[in-house]
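Engineer: sequence-free structure coming up:
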(Lines give C-alpha, C1' and ligand atoms only; values in the text may rest on other atoms or scores of the structure.)
Protein backbone atom coordinates (compact mmCIF):
# COMPACT_ATOMS: atom_id res chain seq x y z
CA UNK A 1 0.00 0.00 0.00
CA UNK A 2 1.35 3.41 -0.95
CA UNK A 3 1.83 5.73 2.01
CA UNK A 4 -0.15 8.94 1.95
CA UNK A 5 1.85 12.09 1.41
CA UNK A 6 -0.04 14.10 4.06
CA UNK A 7 0.17 13.31 7.74
CA UNK A 8 -3.25 14.60 8.70
CA UNK A 9 -6.46 16.03 7.36
CA UNK A 10 -6.87 19.79 7.20
CA UNK A 11 -8.96 20.09 10.34
CA UNK A 12 -10.91 23.33 10.96
CA UNK A 13 -9.43 25.41 13.76
CA UNK A 14 -11.17 27.36 16.51
CA UNK A 15 -13.10 25.47 19.18
CA UNK A 16 -11.85 22.11 20.38
CA UNK A 17 -13.26 18.92 21.90
CA UNK A 18 -11.32 18.31 25.15
CA UNK A 19 -8.33 19.96 23.48
CA UNK A 20 -8.78 17.94 20.29
CA UNK A 21 -10.13 18.80 16.83
CA UNK A 22 -13.93 18.98 16.69
CA UNK A 23 -13.77 16.18 14.12
CA UNK A 24 -13.03 13.88 17.04
CA UNK A 25 -16.41 14.85 18.52
CA UNK A 26 -18.08 13.79 15.26
CA UNK A 27 -16.36 10.41 15.25
CA UNK A 28 -16.77 9.92 19.02
CA UNK A 29 -20.52 10.50 18.82
CA UNK A 30 -20.93 8.43 15.66
CA UNK A 31 -19.14 5.46 17.19
CA UNK A 32 -20.97 5.82 20.52
CA UNK A 33 -24.38 5.57 18.89
CA UNK A 34 -23.34 2.93 16.36
CA UNK A 35 -22.02 0.74 19.17
CA UNK A 36 -25.25 1.46 21.08
CA UNK A 37 -27.26 0.08 18.16
CA UNK A 38 -24.96 -2.93 17.66
CA UNK A 39 -24.73 -4.04 21.27
CA UNK A 40 -28.40 -3.27 21.90
CA UNK A 41 -29.46 -5.56 19.09
CA UNK A 42 -26.94 -8.21 20.16
CA UNK A 43 -28.11 -8.09 23.79
CA UNK A 44 -31.57 -9.44 22.92
CA UNK A 45 -30.78 -11.38 19.73
CA UNK A 46 -30.48 -14.82 21.36
CA UNK A 47 -33.68 -14.33 23.33
CA UNK A 48 -35.52 -13.26 20.16
CA UNK A 49 -34.25 -16.23 18.16
CA UNK A 50 -35.11 -18.81 20.82
CA UNK A 51 -38.31 -17.45 22.37
CA UNK A 52 -41.55 -19.10 21.29
CA UNK A 53 -43.49 -17.67 18.38
CA UNK A 54 -46.42 -17.10 20.73
CA UNK A 55 -44.22 -14.83 22.85
CA UNK A 56 -42.88 -12.88 19.88
CA UNK A 57 -39.74 -14.90 19.13
CA UNK A 58 -38.69 -17.03 16.17
CA UNK A 59 -38.93 -20.40 17.93
CA UNK A 60 -35.38 -21.59 17.14
CA UNK A 61 -34.04 -24.19 19.58
CA UNK A 62 -31.56 -22.80 22.11
CA UNK A 63 -28.48 -24.63 20.83
CA UNK A 64 -29.04 -23.54 17.24
CA UNK A 65 -29.84 -20.01 18.38
CA UNK A 66 -26.61 -19.75 20.37
CA UNK A 67 -24.63 -21.11 17.40
CA UNK A 68 -26.32 -18.57 15.11
CA UNK A 69 -25.39 -15.68 17.42
CA UNK A 70 -21.79 -16.90 17.45
CA UNK A 71 -21.64 -17.24 13.68
CA UNK A 72 -23.17 -13.77 13.39
CA UNK A 73 -20.06 -12.53 15.22
CA UNK A 74 -17.91 -14.49 12.77
CA UNK A 75 -19.70 -12.82 9.85
CA UNK A 76 -19.14 -9.32 11.26
CA UNK A 77 -15.39 -9.84 11.65
CA UNK A 78 -14.94 -11.52 8.26
CA UNK A 79 -16.88 -8.72 6.58
CA UNK A 80 -14.73 -6.18 8.44
CA UNK A 81 -11.76 -7.46 6.45
CA UNK A 82 -13.74 -6.82 3.25
CA UNK A 83 -14.82 -3.40 4.53
CA UNK A 84 -11.24 -2.41 5.27
CA UNK A 85 -10.16 -3.47 1.78
CA UNK A 86 -12.98 -1.54 0.11
CA UNK A 87 -12.05 1.59 2.08
CA UNK A 88 -8.36 1.28 1.16
CA UNK A 89 -8.88 0.50 -2.51
CA UNK A 90 -12.30 1.77 -3.66
CA UNK A 91 -14.43 3.94 -1.38
CA UNK A 92 -12.28 5.65 1.23
CA UNK A 93 -13.02 5.50 4.95
CA UNK A 94 -15.69 8.20 5.03
CA UNK A 95 -17.89 6.77 2.29
CA UNK A 96 -17.42 3.23 3.64
CA UNK A 97 -18.59 4.44 7.05
CA UNK A 98 -21.55 6.30 5.59
CA UNK A 99 -22.69 3.40 3.39
CA UNK A 100 -22.19 0.95 6.25
CA UNK A 101 -24.27 3.10 8.58
CA UNK A 102 -27.15 3.28 6.09
CA UNK A 103 -27.11 -0.52 5.67
CA UNK A 104 -27.03 -1.03 9.46
CA UNK A 105 -29.98 1.33 9.91
CA UNK A 106 -31.93 -0.56 7.25
CA UNK A 107 -31.15 -3.80 9.07
CA UNK A 108 -32.44 -2.50 12.39
CA UNK A 109 -35.61 -1.22 10.71
CA UNK A 110 -36.16 -4.66 9.18
CA UNK A 111 -35.73 -6.24 12.62
CA UNK A 112 -38.24 -3.78 14.08
CA UNK A 113 -40.96 -5.12 11.73
CA UNK A 114 -42.76 -8.25 13.05
CA UNK A 115 -41.81 -10.62 10.23
CA UNK A 116 -39.59 -13.70 10.48
CA UNK A 117 -38.15 -13.39 6.92
CA UNK A 118 -37.44 -9.68 7.45
CA UNK A 119 -35.73 -10.51 10.74
CA UNK A 120 -33.18 -12.72 9.01
CA UNK A 121 -32.71 -10.06 6.31
CA UNK A 122 -32.19 -7.50 9.07
CA UNK A 123 -29.56 -9.61 10.83
CA UNK A 124 -27.70 -10.02 7.53
CA UNK A 125 -27.87 -6.28 6.79
CA UNK A 126 -26.53 -5.34 10.23
CA UNK A 127 -23.61 -7.75 9.74
CA UNK A 128 -22.82 -6.36 6.26
CA UNK A 129 -23.11 -2.75 7.37
CA UNK A 130 -21.01 -3.30 10.47
CA UNK A 131 -18.33 -4.90 8.32
CA UNK A 132 -18.22 -1.74 6.21
CA UNK A 133 -18.26 0.66 9.16
CA UNK A 134 -16.31 -1.06 11.93
CA UNK A 135 -12.70 -0.84 10.65
CA UNK A 136 -13.01 2.64 9.17
CA UNK A 137 -14.23 5.03 11.87
CA UNK A 138 -11.13 4.45 13.98
CA UNK A 139 -8.86 4.93 10.94
CA UNK A 140 -10.38 8.39 10.47
CA UNK A 141 -9.50 9.27 14.06
CA UNK A 142 -5.85 8.72 13.17
CA UNK A 143 -6.19 10.92 10.07
CA UNK A 144 -7.14 13.94 12.21
CA UNK A 145 -3.55 14.22 13.53
CA UNK A 146 -0.03 14.52 12.15
CA UNK A 147 1.90 11.29 12.52
CA UNK A 148 3.87 12.38 15.59
CA UNK A 149 1.16 14.49 17.27
CA UNK A 150 1.34 13.69 21.02
CA UNK A 151 -2.47 13.94 21.22
CA UNK A 152 -3.03 10.79 19.14
CA UNK A 153 -3.00 8.34 22.05
CA UNK A 154 -5.27 10.60 24.07
CA UNK A 155 -7.64 10.87 21.09
CA UNK A 156 -8.00 7.11 20.82
CA UNK A 157 -8.58 6.87 24.58
CA UNK A 158 -11.45 9.36 24.29
CA UNK A 159 -12.76 7.55 21.20
CA UNK A 160 -12.75 4.15 22.89
CA UNK A 161 -14.54 5.68 25.87
CA UNK A 162 -17.36 6.46 23.44
CA UNK A 163 -17.46 2.82 22.40
CA UNK A 164 -17.84 1.70 26.00
CA UNK A 165 -20.46 4.32 26.88
CA UNK A 166 -22.56 3.13 23.94
CA UNK A 167 -22.16 -0.55 24.75
CA UNK A 168 -22.86 0.12 28.45
CA UNK A 169 -26.13 1.95 27.81
CA UNK A 170 -27.40 -0.32 25.03
CA UNK A 171 -28.48 -3.44 26.99
CA UNK A 172 -30.13 -1.23 29.61
CA UNK A 173 -32.27 0.84 27.23
CA UNK A 174 -32.94 -1.81 24.59
CA UNK A 175 -33.74 -4.31 27.33
CA UNK A 176 -36.18 -1.85 28.90
CA UNK A 177 -37.90 -1.40 25.52
CA UNK A 178 -38.15 -5.19 25.12
CA UNK A 179 -39.68 -5.53 28.58
CA UNK A 180 -42.14 -2.73 27.84
CA UNK A 181 -43.34 -3.61 24.33
CA UNK A 182 -41.55 -6.71 23.04
CA UNK A 183 -38.55 -7.58 20.91
CA UNK A 184 -39.39 -5.38 17.95
CA UNK A 185 -39.61 -2.33 20.21
CA UNK A 186 -36.08 -3.16 21.38
CA UNK A 187 -34.85 -3.39 17.81
CA UNK A 188 -36.59 -0.09 17.05
CA UNK A 189 -34.57 1.58 19.83
CA UNK A 190 -31.41 0.17 18.23
CA UNK A 191 -32.60 1.63 14.89
CA UNK A 192 -33.01 5.05 16.50
CA UNK A 193 -29.47 4.78 17.87
CA UNK A 194 -28.09 4.11 14.40
CA UNK A 195 -30.13 6.98 12.94
CA UNK A 196 -28.62 9.32 15.54
CA UNK A 197 -25.13 8.05 14.63
CA UNK A 198 -25.76 8.76 10.95
CA UNK A 199 -27.14 12.21 11.75
CA UNK A 200 -24.04 13.17 13.71
CA UNK A 201 -21.74 11.74 11.04
CA UNK A 202 -23.39 13.58 8.14
CA UNK A 203 -23.81 16.86 10.04
CA UNK A 204 -20.20 16.77 11.26
CA UNK A 205 -18.54 16.08 7.92
CA UNK A 206 -17.19 19.63 7.61
CA UNK A 207 -15.43 19.18 10.97
CA UNK A 208 -13.45 16.23 9.63
CA UNK A 209 -11.42 18.42 7.29
CA UNK A 210 -11.32 15.78 4.58
CA UNK A 211 -10.38 12.89 6.87
CA UNK A 212 -11.40 9.65 5.20
CA UNK A 213 -12.16 11.27 1.82
CA UNK A 214 -9.02 9.99 0.11
CA UNK A 215 -8.76 6.43 -1.18
CA UNK A 216 -5.25 5.50 0.09
CA UNK A 217 -4.42 2.92 -2.55
CA UNK A 218 -6.95 3.13 -5.39
CA UNK A 219 -7.30 0.22 -7.75
CA UNK A 220 -5.23 0.87 -10.87
CA UNK A 221 -6.45 -0.08 -14.32
CA UNK A 222 -3.69 -2.64 -14.79
CA UNK A 223 -4.70 -4.34 -11.54
CA UNK A 224 -8.28 -5.01 -12.56
CA UNK A 225 -7.75 -8.36 -14.34
CA UNK A 226 -5.90 -9.72 -11.31
CA UNK A 227 -8.64 -8.45 -9.00
CA UNK A 228 -11.30 -10.12 -11.16
CA UNK A 229 -9.38 -13.38 -10.94
CA UNK A 230 -9.01 -12.93 -7.20
CA UNK A 231 -12.73 -12.25 -6.84
CA UNK A 232 -13.54 -15.35 -8.86
CA UNK A 233 -11.28 -17.40 -6.58
CA UNK A 234 -13.09 -16.04 -3.51
CA UNK A 235 -16.48 -16.91 -5.02
CA UNK A 236 -15.18 -20.38 -5.86
CA UNK A 237 -13.87 -20.80 -2.30
CA UNK A 238 -17.27 -19.83 -0.89
CA UNK A 239 -18.98 -22.29 -3.24
CA UNK A 240 -16.62 -25.07 -2.16
CA UNK A 241 -17.24 -24.20 1.51
CA UNK A 242 -21.01 -24.42 0.94
CA UNK A 243 -20.62 -27.78 -0.81
CA UNK A 244 -18.39 -29.20 1.93
CA UNK A 245 -20.77 -27.91 4.60
CA UNK A 246 -23.72 -29.45 2.78
CA UNK A 247 -22.00 -32.82 2.52
CA UNK A 248 -20.81 -32.63 6.14
CA UNK A 249 -24.19 -31.84 7.67
CA UNK A 250 -26.28 -33.91 5.29
CA UNK A 251 -29.01 -31.29 5.44
CA UNK A 252 -29.73 -27.74 4.35
CA UNK A 253 -30.82 -24.56 6.07
CA UNK A 254 -29.25 -22.99 9.13
CA UNK A 255 -26.77 -25.82 9.72
CA UNK A 256 -25.18 -25.35 6.30
CA UNK A 257 -24.87 -21.61 6.87
CA UNK A 258 -23.17 -22.13 10.25
CA UNK A 259 -20.76 -24.70 8.84
CA UNK A 260 -20.01 -22.62 5.73
CA UNK A 261 -19.13 -19.51 7.73
CA UNK A 262 -17.06 -21.64 10.12
CA UNK A 263 -15.05 -23.13 7.25
CA UNK A 264 -14.40 -19.68 5.80
CA UNK A 265 -13.35 -18.34 9.21
CA UNK A 266 -10.87 -21.18 9.68
CA UNK A 267 -9.58 -21.06 6.11
CA UNK A 268 -9.00 -17.28 5.97
CA UNK A 269 -6.22 -17.03 8.62
CA UNK A 270 -4.62 -20.24 7.35
CA UNK A 271 -4.53 -18.77 3.84
CA UNK A 272 -3.15 -15.49 5.18
CA UNK A 273 -0.30 -17.23 7.00
CA UNK A 274 0.50 -19.51 4.05
CA UNK A 275 0.69 -16.55 1.68
CA UNK A 276 2.95 -14.64 4.07
CA UNK A 277 5.26 -17.60 4.76
CA UNK A 278 5.59 -18.37 1.03
CA UNK A 279 5.88 -14.81 -0.25
CA UNK A 280 9.23 -13.98 -1.90
CA UNK A 281 8.89 -10.47 -0.40
CA UNK A 282 9.25 -11.94 3.12
CA UNK A 283 12.80 -12.33 4.40
CA UNK A 284 14.08 -15.23 6.51
CA UNK A 285 14.19 -13.12 9.72
CA UNK A 286 10.62 -11.99 9.03
CA UNK A 287 9.50 -15.61 8.65
CA UNK A 288 11.05 -16.36 12.01
CA UNK A 289 9.14 -13.50 13.63
CA UNK A 290 5.96 -14.56 11.83
CA UNK A 291 6.36 -18.03 13.32
CA UNK A 292 6.52 -16.40 16.76
CA UNK A 293 3.24 -14.61 16.03
CA UNK A 294 1.35 -17.84 15.36
CA UNK A 295 1.00 -18.83 19.06
CA UNK A 296 -0.17 -15.28 19.87
CA UNK A 297 -2.79 -15.54 17.15
CA UNK A 298 -3.98 -18.90 18.46
CA UNK A 299 -4.17 -17.47 21.98
CA UNK A 300 -6.22 -14.52 20.73
CA UNK A 301 -8.51 -16.87 18.83
CA UNK A 302 -9.15 -18.97 21.96
CA UNK A 303 -9.63 -15.86 24.10
CA UNK A 304 -12.29 -14.45 21.77
CA UNK A 305 -13.89 -17.91 21.61
CA UNK A 306 -14.74 -17.46 25.30
CA UNK A 307 -15.18 -13.70 25.48
CA UNK A 308 -17.63 -13.48 22.58
CA UNK A 309 -19.98 -15.98 24.26
CA UNK A 310 -21.36 -13.03 26.26
CA UNK A 311 -24.25 -12.85 23.77
CA UNK A 312 -24.73 -16.62 23.32
CA UNK A 313 -24.09 -19.23 26.01
CA UNK A 314 -23.64 -16.69 28.80
CA UNK A 315 -26.80 -14.87 27.75
CA UNK A 316 -28.64 -18.19 27.93
CA UNK A 317 -27.15 -18.89 31.36
CA UNK A 318 -28.28 -15.44 32.53
CA UNK A 319 -31.88 -16.15 31.50
CA UNK A 320 -32.19 -19.83 32.46
CA UNK A 321 -29.71 -20.57 35.24
CA UNK A 322 -29.20 -17.28 37.15
CA UNK A 323 -31.19 -15.86 40.07
CA UNK A 324 -32.72 -12.66 38.73
CA UNK A 325 -34.19 -11.50 42.05
CA UNK A 326 -31.63 -9.23 43.71
CA UNK A 327 -32.48 -7.27 46.87
CA UNK A 328 -36.15 -7.62 46.11
CA UNK A 329 -35.77 -6.36 42.55
CA UNK A 330 -36.09 -8.38 39.34
CA UNK A 331 -33.29 -7.70 36.88
CA UNK A 332 -33.44 -8.41 33.17
CA UNK A 333 -30.92 -11.01 31.90
CA UNK A 334 -29.55 -8.74 29.17
CA UNK A 335 -28.32 -6.29 31.82
CA UNK A 336 -25.38 -8.60 32.53
CA UNK A 337 -23.97 -7.60 29.14
CA UNK A 338 -23.43 -4.07 30.45
CA UNK A 339 -20.95 -5.32 33.05
CA UNK A 340 -18.03 -5.62 30.64
CA UNK A 341 -18.14 -2.03 29.31
CA UNK A 342 -18.75 -0.70 32.84
CA UNK A 343 -15.71 -2.61 34.07
CA UNK A 344 -13.66 -1.32 31.12
CA UNK A 345 -14.54 2.28 31.99
CA UNK A 346 -13.50 1.70 35.60
CA UNK A 347 -10.44 -0.49 35.08
CA UNK A 348 -8.82 0.79 31.87
CA UNK A 349 -7.31 3.87 33.60
CA UNK A 350 -5.99 1.58 36.36
CA UNK A 351 -4.30 -0.67 33.79
CA UNK A 352 -2.89 2.33 31.91
CA UNK A 353 -1.37 3.62 35.17
CA UNK A 354 -0.11 0.14 36.03
CA UNK A 355 1.69 -0.35 32.69
CA UNK A 356 3.43 3.02 33.12
CA UNK A 357 4.56 2.10 36.65
CA UNK A 358 5.77 -1.32 35.48
CA UNK A 359 7.51 0.17 32.42
CA UNK A 360 5.12 -1.80 30.18
CA UNK A 361 6.03 -5.11 31.79
CA UNK A 362 5.32 -8.02 31.70
CA UNK A 363 6.20 -8.92 28.13
CA UNK A 364 3.51 -9.09 25.46
CA UNK A 365 3.48 -12.89 25.31
CA UNK A 366 3.08 -13.08 29.09
CA UNK A 367 0.18 -10.61 28.92
CA UNK A 368 -1.43 -12.80 26.26
CA UNK A 369 -0.96 -15.88 28.44
CA UNK A 370 -2.46 -14.14 31.47
CA UNK A 371 -5.40 -12.81 29.44
CA UNK A 372 -6.19 -16.21 27.96
CA UNK A 373 -5.82 -17.95 31.32
CA UNK A 374 -8.19 -15.44 32.95
CA UNK A 375 -10.78 -16.16 30.28
CA UNK A 376 -10.40 -19.87 31.02
CA UNK A 377 -10.67 -19.28 34.76
CA UNK A 378 -13.90 -17.33 34.24
CA UNK A 379 -15.49 -20.38 32.62
CA UNK A 380 -14.16 -22.67 35.35
CA UNK A 381 -15.88 -20.40 37.89
CA UNK A 382 -19.11 -20.61 35.89
CA UNK A 383 -18.77 -24.40 35.61
CA UNK A 384 -18.36 -24.70 39.38
CA UNK A 385 -21.42 -22.51 39.93
CA UNK A 386 -23.48 -24.58 37.49
CA UNK A 387 -22.42 -27.82 39.19
CA UNK A 388 -23.22 -26.41 42.64
CA UNK A 389 -26.68 -25.28 41.50
CA UNK A 390 -27.53 -28.68 40.07
CA UNK A 391 -29.28 -29.46 36.78
CA UNK A 392 -32.39 -27.41 37.54
CA UNK A 393 -31.04 -24.82 40.00
CA UNK A 394 -29.94 -21.24 39.57
CA UNK A 395 -26.67 -19.52 40.47
CA UNK A 396 -26.55 -16.23 42.39
CA UNK A 397 -26.41 -13.16 40.14
CA UNK A 398 -23.04 -12.15 41.58
CA UNK A 399 -21.44 -15.29 40.11
CA UNK A 400 -22.23 -14.32 36.52
CA UNK A 401 -21.24 -10.72 37.28
CA UNK A 402 -17.89 -11.98 38.57
CA UNK A 403 -17.40 -14.03 35.40
CA UNK A 404 -17.85 -10.92 33.26
CA UNK A 405 -15.39 -8.96 35.41
CA UNK A 406 -12.75 -11.72 35.19
CA UNK A 407 -13.14 -11.75 31.41
CA UNK A 408 -12.75 -7.97 31.35
CA UNK A 409 -9.47 -8.29 33.24
CA UNK A 410 -8.36 -10.80 30.62
CA UNK A 411 -9.39 -8.43 27.84
CA UNK A 412 -7.31 -5.61 29.33
CA UNK A 413 -4.26 -7.89 29.43
CA UNK A 414 -4.65 -9.17 25.87
CA UNK A 415 -6.64 -6.89 23.58
CA UNK A 416 -4.74 -3.55 23.79
CA UNK A 417 -1.39 -5.16 23.00
CA UNK A 418 -2.72 -7.53 20.34
CA UNK A 419 -2.68 -5.21 17.37
CA UNK A 420 0.68 -3.74 18.40
CA UNK A 421 2.17 -7.24 18.40
CA UNK A 422 0.53 -7.94 15.04
CA UNK A 423 2.07 -4.88 13.41
CA UNK A 424 5.49 -5.59 14.90
CA UNK A 425 5.65 -9.25 13.88
CA UNK A 426 3.93 -9.03 10.49
CA UNK A 427 6.37 -8.90 7.55
CA UNK A 428 6.98 -5.38 6.20
CA UNK A 429 5.26 -6.23 2.91
CA UNK A 430 2.06 -7.16 4.79
CA UNK A 431 2.14 -4.65 7.64
CA UNK A 432 -0.64 -2.50 6.18
CA UNK A 433 -2.88 -5.58 6.28
CA UNK A 434 -2.21 -6.29 9.95
CA UNK A 435 -5.64 -5.07 11.04
CA UNK A 436 -7.28 -7.61 8.74
CA UNK A 437 -5.19 -10.39 10.25
CA UNK A 438 -6.13 -9.28 13.77
CA UNK A 439 -9.85 -9.32 12.87
CA UNK A 440 -9.53 -12.92 11.76
CA UNK A 441 -8.78 -14.06 15.34
CA UNK A 442 -12.25 -13.21 16.74
CA UNK A 443 -13.81 -14.45 13.50
CA UNK A 444 -12.24 -17.87 14.00
CA UNK A 445 -12.93 -17.78 17.75
CA UNK A 446 -16.65 -17.24 17.13
CA UNK A 447 -16.62 -20.04 14.57
CA UNK A 448 -15.08 -22.42 17.13
CA UNK A 449 -17.85 -21.46 19.55
CA UNK A 450 -20.54 -22.17 16.95
CA UNK A 451 -19.06 -25.60 16.22
CA UNK A 452 -18.59 -26.50 19.90
CA UNK A 453 -22.15 -25.46 20.73
CA UNK A 454 -23.50 -27.52 17.83
CA UNK A 455 -21.41 -30.57 18.78
CA UNK A 456 -22.28 -30.47 22.49
CA UNK A 457 -26.04 -29.96 22.38
CA UNK A 458 -27.49 -31.84 25.34
CA UNK A 459 -24.30 -31.52 27.40
CA UNK A 460 -24.87 -29.86 30.78
CA UNK A 461 -23.51 -26.37 31.46
CA UNK A 462 -20.94 -27.50 34.03
CA UNK A 463 -19.31 -29.83 31.49
CA UNK A 464 -19.49 -27.32 28.65
CA UNK A 465 -18.03 -24.38 30.57
CA UNK A 466 -15.57 -26.56 32.48
CA UNK A 467 -14.17 -28.23 29.36
CA UNK A 468 -13.88 -24.98 27.45
CA UNK A 469 -12.26 -23.22 30.41
CA UNK A 470 -9.77 -26.04 30.97
CA UNK A 471 -8.67 -25.93 27.31
CA UNK A 472 -8.10 -22.16 27.56
CA UNK A 473 -6.10 -22.40 30.79
CA UNK A 474 -3.96 -25.21 29.34
CA UNK A 475 -3.29 -23.14 26.20
CA UNK A 476 -2.39 -20.16 28.40
CA UNK A 477 0.20 -22.26 30.24
CA UNK A 478 1.68 -23.46 26.94
CA UNK A 479 1.97 -19.87 25.75
CA UNK A 480 3.62 -18.90 29.04
CA UNK A 481 6.27 -21.55 28.39
CA UNK A 482 6.80 -20.14 24.87
CA UNK A 483 6.91 -16.52 26.11
CA UNK A 484 10.73 -16.10 26.17
CA UNK A 485 11.01 -17.26 22.55
CA UNK A 486 8.12 -15.02 21.40
CA UNK A 487 9.51 -12.05 23.35
CA UNK A 488 12.89 -12.35 21.68
CA UNK A 489 11.26 -12.15 18.25
CA UNK A 490 9.05 -9.21 19.23
CA UNK A 491 12.14 -7.26 20.34
CA UNK A 492 13.82 -8.00 17.04
CA UNK A 493 10.69 -6.71 15.29
CA UNK A 494 10.74 -3.50 17.34
CA UNK A 495 14.37 -2.90 16.39
CA UNK A 496 13.58 -3.36 12.70
CA UNK A 497 10.57 -1.00 12.85
CA UNK A 498 12.69 1.61 14.63
CA UNK A 499 15.35 1.45 11.91
CA UNK A 500 14.41 3.47 8.77
CA UNK A 501 14.39 1.36 5.63
CA UNK A 502 15.18 3.00 2.27
CA UNK A 503 12.43 2.52 -0.30
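Structural biologist: Cool, the structure landed. All figures in this text were calculated on a predicted structure; none of them were measured in a lab.

Engineer: and the pLDDT for the closest residue to residue 58 other than its chain neighbours?
Structural biologist: What sits nearest to residue 58 in space, not counting adjacent residues and going by CB to CB, 6 or more residues apart in numbering, is residue 49, at 5.2 Å. (Glycine included, C-beta is placed from N, CA and C.) pLDDT recorded at residue 49 is 95.

Engineer: then residue 54?
Structural biologist: On the pLDDT scale, residue 54 gets 85.

Engineer: in the stretch 251-400 of the chain, where is pLDDT below threshold?
Structural biologist: Flagging of the stretch 251-400 of the chain using pLDDT under 70 yields the residue ranges 251-252, 360.

Engineer: okay, domains of this structure per the record?
Structural biologist: 21-219, 220-281, 283-503 (automatic domain parsing).

Engineer: JSON lines please, covering the ones you listed and showing mean neighbour count.
Structural biologist: Converted to JSON lines, the domains of the chain look like this (neighbours: other CB atoms under 10 Å):
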{"stretch": "domain 21-219", "mean neighbour count": "21"}
{"stretch": "domain 220-281", "mean neighbour count": "14"}
{"stretch": "domain 283-503", "mean neighbour count": "19"}
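
Engineer: same question for stretch 36-45, mean pLDDT?
Structural biologist: pLDDT averaged over stretch 36-45 gives 93.

Engineer: run through who's touching it.
Structural biologist: 69, 72, 104-105, 108, 111, 123, 126, 130, 166-167, 169-171, 173-175, 178, 183, 186-187, 189-191, 193-194, 197, 311, 315, 334, 337, 341 (CB atoms under 8 Å, 6 or more residues apart in numbering).

Engineer: rerun that using 7 Å as the cut-off
Structural biologist: 69, 104, 108, 111, 126, 130, 166-167, 169-171, 173-175, 178, 183, 186-187, 189-190, 193-194, 197, 311, 334, 337 (CB atoms under 7 Å, 6 or more residues apart in numbering).

Engineer: contact partners for residue 265?
Structural biologist: Residue 265 touches 74, 78, 443-444, 447, counting by CB under 7 Å, 6+ apart.

Engineer: include secondary structure and pLDDT when you put those into JSON lines, please.
Structural biologist: Shown next, in JSON lines, are the contacts of residue 265 (DSSP: H, G, I helix; E, B strand; the rest coil; pLDDT from 0 to 100):
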{"residue": "74", "secondary structure": "helix", "pLDDT": "93"}
{"residue": "78", "secondary structure": "helix", "pLDDT": "91"}
{"residue": "443", "secondary structure": "helix", "pLDDT": "94"}
{"residue": "444", "secondary structure": "helix", "pLDDT": "95"}
{"residue": "447", "secondary structure": "helix", "pLDDT": "95"}
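
Engineer: distance to residue 230 added to those, as TSV?
Structural biologist: Output for those, formatted as TSV (distance: CB to CB, whole Å):
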residue	distance to residue 230
74	22
78	16
443	19
444	21
447	23
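
Engineer: nearest to residue 463, of those?
Structural biologist: residue 447 (21.2 Å; CB to CB).

Engineer: so what's the closest one up against?
Structural biologist: 71, 74, 261-262, 265-266.

Engineer: one more time with 6 Å, if that's ok
Structural biologist: By CB atoms under 6 Å, 6 or more residues apart in numbering, the contact list for residue 447 reads 74, 262, 265.

Engineer: what about the helices in the stretch 101-250 of the chain?
Structural biologist: Taking DSSP state H, counting those that start in this stretch, the helices of the stretch 101-250 of the chain run over residues 116-143, 152-181, 183-203, 224-249.

Engineer: by contact count, what packs against the shortest one?
Structural biologist: In this case it means helix 183-203. Packing partners of helix 183-203 (3 or more CB pairs under 6 Å, 6 or more residues apart in numbering; DSSP states H and E): helix 22-50, helix 93-112, helix 152-181.

Engineer: quick one: which of those is nearest residue 281?
Structural biologist: Taking the helices and strands packed on helix 183-203 one by one with CB to CB, helix 93-112 is closest: 26.0 Å.

Engineer: pLDDT averaged over the closest one - what is it?
Structural biologist: So the average pLDDT for helix 93-112 ends up being 93.

Engineer: could you give the separation of stretch 330-341 from the chain centroid?
Structural biologist: On the basis of CA atoms, centre = their mean, to the nearest Å, stretch 330-341 sits 19 Å off its chain's mean C-alpha point.

Engineer: how about stretch 241-260?
Structural biologist: With CA atoms, centre = their mean, you get 24 Å for stretch 241-260.

Engineer: ends of that stretch, what's the gap?
Structural biologist: Length of stretch 241-260, first residue to last, CA to CA, to the nearest Å: 5 Å.

Engineer: what does it contact?
Structural biologist: Residues outside stretch 241-260 that contact it (CB under 6 Å, 6+ apart): 64, 67, 71, 263-264, 450.

Engineer: so which of those are in helices?
Structural biologist: In this view, the contacts of stretch 241-260 that belong to helices under DSSP state H are 64, 67, 71, 263-264, 450.

Engineer: pull the most distant pair out of those.
Structural biologist: 64 and 264 (19.2 Å).

Engineer: distance check, residue 476 against residue 491.
Structural biologist: 22 Å (CB to CB, to the nearest Å).
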